[in-house]
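Asker: Any chance you can model this:
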Amino acid sequence: MELDSAAKKPRMDDAVVAPSKVLHLRNLPDSVTEKEVVLLGLPFGRVVNVLLLRQKNQAFLEVGDAASASALVSYYSSVPATIRDRTVYIQYSKHQELKTQQTSSAGITNLSLMTPTVAGGASPTGATASSAASLVDTATGATITTSTVPQQQGCPNSVLRVIIENMLYPITIDVLHQIFSKYGSIMRVVTFVKNSQFHALIQYPDAITATTAKTALDGQNIYNGCCTLRIDYSKLSTLTVKYNNEKTRDYTRPELPSGDNESGASSAHTSVPDITAALAGIPPALMQSPAMANLRAALVALTSATANPQAAGSGVVLPGCVVLVSNLNEKMITPHALFILFGVYGDVIRVKILYNKRDSALIQFKETQQTQTAIANLNGVTLYGKKIHVTLSKHAQVQMPQAGSNEDGLTEDYTNSPLHRFKKPGSKNYQNIFPPSATLHLSNIPDCVDEEYIKTLFASTGGAVENFRFFQNDHRMALIQMASTEEAISALIAMHNYKISETHHLRVSFSKNPIS
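Answerer: The predicted model follows:
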């Protein structure tokens with residue numbers, strides 16, 4: 001909605017209006033909600049009523065007392081209020097009170113604007129309270145709604161408590177900072193897991209900034225359809241941070257230590273039980289069973305990963321980062337093929353085809369959530385003619401073979417591979433994760449390549465190309481449809497990172513929708 005120039009700047013003639021508990025807000029965004037308006041006032045105390053004049057992009061807000069109104073106007077005169085990136089102008093209203101009235105017939109709530117009275121009980125405007133409401137309604141044609149705001153249990157403050165629901169992808173402090181810093185400077189962040197849910201405490205310099213962030217982000221998804229933010233005010237008024245690491249961060253004190261040595265030393269002794277003590281008392285016959293052999297191997301791997309975090313080549317290894325893939329086509333499968341396919345759903349660190357069981361492999365991801373995503377999308381798909389099974393492995397990490405062993409070529413380390421799709425925190429690739437399908441999304445196509453060349457290229461992978469379409473506004477991207485999902489999987493493995501020109505490597509992923 002286009003506003004006139006008077007709505008875009010403070011009115012000089014309104015500057016002399018006497019202080020009032022009722023505030024006038026202008027330049028509100030279209031379809032603004034009562035909640036958004038109310039949250040501008042909550043940090044300063046109790047909010048009594050709100051009146052929206054939607055067709056004029058205006059509102060009236062009544063707070064509990066004149067002191068709260070004065071603090072609100074003073075603050076927003078130096079720090080402009082915003083709703084949905086739109087500057088909102090706030091000033092005292094000529095009215096002293098918003099009064100709710102219930103109609104007797106339909107039960108509809110209307111608002112009267114109560115004007116200040118002078119000696120003799122006359123209104124300065126020469127109008128009664130009820131006619132003032134009629135004038136507002138007639139002049140604006142607005143649908144007038146009212147909301148009496150209940151007293152909140154906790155007073156807003158500068159620390160937000162954030163709970164992330166449906167967390168399908170990993171969320172780090174850097175991701176949180178990227179999101180929440182859009183609404184103001186962040187001082188400190190503390191993250192932890194409670195009741196199997198990811199929590200974060202985020203401290204802003206003041207309650208106003210925290211309220212702005214809460215209003216904008218509460219209920220939003222970090223990634224499409226998942227990682228939902230549930231935000232309320234913390235009972236804490238400030239956060240104390242001792243270390244700057246992956247769990248806590250104090251942006252006002254960058255000199256803080258990471259605490260890795262201290263925490264690493266203690267966790268090596270407290271987090272993992274001693275193997276001998278853990279297996280004490282078990283009968284010797286049972287100790288020789290395959291199940292116990294697997295248990296010993298798992299404990300050794302977990303102890304090694306905790307005591308020597310650098311063993312995996314990329315810091316501490318989290319339990320649950322390894323999947324077991326079985327029923328593979330042992331004549332065709334390679335570590336590279338598994339790296340490319342499983343790399344669609346997470347950053348693969350290592351791949352190991354089992355020496356004594358070539359139809360099975362272990363795949364280690366960088367993040368625990370990535371293993372769950374891979375299992376959800378790849379378990380049961382057909383790869384090279386066989387339906388594969390993907391489950392969580394008991395192993396904490398994939399061990400590299402000793403140099404010169406007969407396992408050479410069956411185990412590969414991809415820790416520093418440039419083909420990782422999710423290296424950057426909050427990468428957009430997280431938003432483009434889809435199950436395997438017959439349709440593939442192609443990108444990084446050079447201008448010199450035409451449709452026939454690409455179709456011939458993909459047909460050479462052994463499948464049949466059924467359809468192809470360049471993106472209408474971007475020739476660098478296209479969709480190609482194979483005859484089946486199995487053929488598309490084989491084509492993705494063969495063609496992802498294919499050098500299609502001297503300066504371009506093809507990027508391939510699964511598409512959400514078929515070619516229409």
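Asker: Let me see the ranges of the strands in the stretch 201-350 of the chain.
Answerer: Using DSSP state E, counting those that start in this stretch, the strands of the stretch 201-350 of the chain run over 221-223, 226-233, 248-250, 322-326, 348-353.
Asker: Now render the ones you listed as CSV, adding mean pLDDT, distance to Ala396 and mean neighbour count.
Answerer: To be clear about C-beta, it is placed using only N, CA and C from the backbone, and glycine gets the same treatment. Below are the strands of the stretch 201-350 of the chain laid out as CSV (pLDDT from 0 to 100; distance: least, CB to CB, whole Å; neighbours: other CB atoms under 10 Å):
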stretch, mean pLDDT, distance to Ala396, mean neighbour count
strand 221-223, 82, 27, 18
strand 226-233, 88, 25, 19
strand 248-250, 93, 24, 21
strand 322-326, 93, 7, 21
strand 348-353, 94, 12, 25
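Asker: Of all the ones you listed, which one comes closest to Leu52?
Answerer: Each of those has some distance to Leu52 by CB to CB; the shortest is strand 226-233, at 23.6 Å.
Asker: Now stretch 50-69: average pLDDT?
Answerer: In this model, stretch 50-69 has a mean pLDDT of 88.
Asker: Ok, stretch 161-179 next?
Answerer: Per-residue pLDDT over stretch 161-179 has a mean of 87.
Asker: Identify each buried residue in that stretch, please.
Answerer: The neighbour-count check on stretch 161-179 (16 or more other CB atoms under 10 Å) flags 161-164, 167-171, 173, 175-177, 179 as buried.
Asker: From these, which land in strands?
Answerer: 161-164 (DSSP state E).
Asker: Go through those residues and name the one nearest Arg86.
Answerer: Checking these against Arg86 with CB to CB, the nearest one is Val162 at 24.6 Å.
Asker: what's near enough to touch the closest one?
Answerer: Going by CB atoms under 8 Å, 6 or more residues apart in numbering, Val162 touches 176, 199-202, 229-231.
Asker: mind checking how far the spatially most central residue of the chain is from Pro170?
Answerer: When CA atoms, centre = their mean is applied to the chain, the residue found nearest the centroid is Ile222 (2.3 Å). According to CB to CB, to the nearest Å, Ile222 stands 11 Å off from Pro170.
Asker: Between the contacts of Val162, which sits nearest Ile186?
Answerer: Relative to Ile186, the closest of the contacts of Val162 is Ile202; by CB to CB it sits at 6.3 Å.
Asker: Who does that closest one form a beta bridge with?
Answerer: Counting by DSSP bridges, Ile202 is bridged to Leu160, Val189.
Asker: my read: it touches Leu176, true?
Answerer: Yes: Ile202 lies in contact with Leu176 (CB atoms under 8 Å); the separation is 6.7 Å.
Asker: Common neighbours of these two, please.
Answerer: Contacts common to Ile202 and Leu176, judged by CB under 8 Å, 6+ apart, are 162, 189.
Asker: Glu97: how many residues sit nearby?
Answerer: Look at Glu97: counted by other CB atoms under 10 Å, it has 17 neighbours.
Asker: Pass me the low-pLDDT residue ranges in this protein, would you?
Answerer: For the chain, the stretches with pLDDT under 70 are 1-16, 100-155, 224, 260-319, 404-408, 425-427.
Asker: For His475, give me the backbone phi and psi.
Answerer: Per-residue torsions, His475: phi -70, psi -10 (degrees, to the nearest 10).
Asker: how would you label the closest residue to it other than its chain neighbours: helix, strand or coil?
Answerer: Distances taken as CB to CB, 6 or more residues apart in numbering put Asp447 closest to His475, at 6.3 Å, once the chain neighbours are dropped. For Asp447, the secondary-structure state derived from DSSP: H, G, I helix; E, B strand; the rest coil is coil.
Asker: just the one 5 residues further on next, same as before
Answerer: Following three-state DSSP, the label given to Glu452 is helix.
Asker: What count of nearby residues applies to it?
Answerer: 9.
Asker: For the residue nearest to His475, grab the count of nearby residues.
Answerer: Asp447: 9 surrounding residues under other CB under 10 Å.
Asker: and Tyr169, backbone torsions?
Answerer: Tyr169 adopts backbone torsions of phi -120, psi 150, taken as degrees, to the nearest 10.
Asker: no wait, Val344
Answerer: The phi/psi pair for Val344 (degrees, to the nearest 10) reads phi -70, psi -30.
Asker: Now do the closest residue in space to Asn432 that isn't next to it in sequence: how many residues are near it, please.
Answerer: Among residues not flanking Asn432 along the chain, Ser509 sits closest, at 6.4 Å (CB to CB, 6+ apart). The tally of other residues near Ser509 (other CB under 10 Å) stands at 17.
Asker: so what's Ser509 bridging to?
Answerer: For Ser509, the beta-bridge partners are His441 (DSSP bridges).
Asker: That one contacts Pro436, doesn't it?
Answerer: No: applying CB under 8 Å, one finds Ser509 not in contact with Pro436, separated by 10.2 Å.
Asker: Asn444: what's it in contact with?
Answerer: The contact partners of Asn444, taken as CB under 8 Å, 6+ apart, are 476, 500, 504-507.
Asker: now with 7 Å?
Answerer: Counting by CB atoms under 7 Å, 6 or more residues apart in numbering, Asn444 makes contact with 476, 504-507.
Asker: In strands, which of those appear?
Answerer: By the criterion of DSSP E, membership of those in strands covers 476, 507.
Asker: Just the buried residues from the contacts of Asn444, in PyMOL please.
Answerer: Only the buried entries of those go into this PyMOL selection, using 16+ other CB under 10 Å:
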select buried, resi 504+506+507
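Asker: Which two among the contacts of Asn444 are spaced furthest apart?
Answerer: Farthest pair in the contacts of Asn444, by CB to CB: Arg476 and His505, 12.5 Å.
Asker: In the stretch 51-200 of the chain, mark out all the helices, start to finish.
Answerer: With DSSP state H, counting those that start in this stretch as the criterion, the stretch 51-200 of the chain has helices at 66-78, 129-140, 173-180.
Asker: quick one: buried residues of the first one?
Answerer: Across helix 66-78, burial judged by 16+ other CB under 10 Å covers 68-70, 72-73, 76.
Asker: quick one: the residue nearest to Asn432 and Leu341 touch, right?
Answerer: No: at 11.1 Å, Ser509 does not count as touching Leu341 under the criterion of CB atoms under 7 Å.
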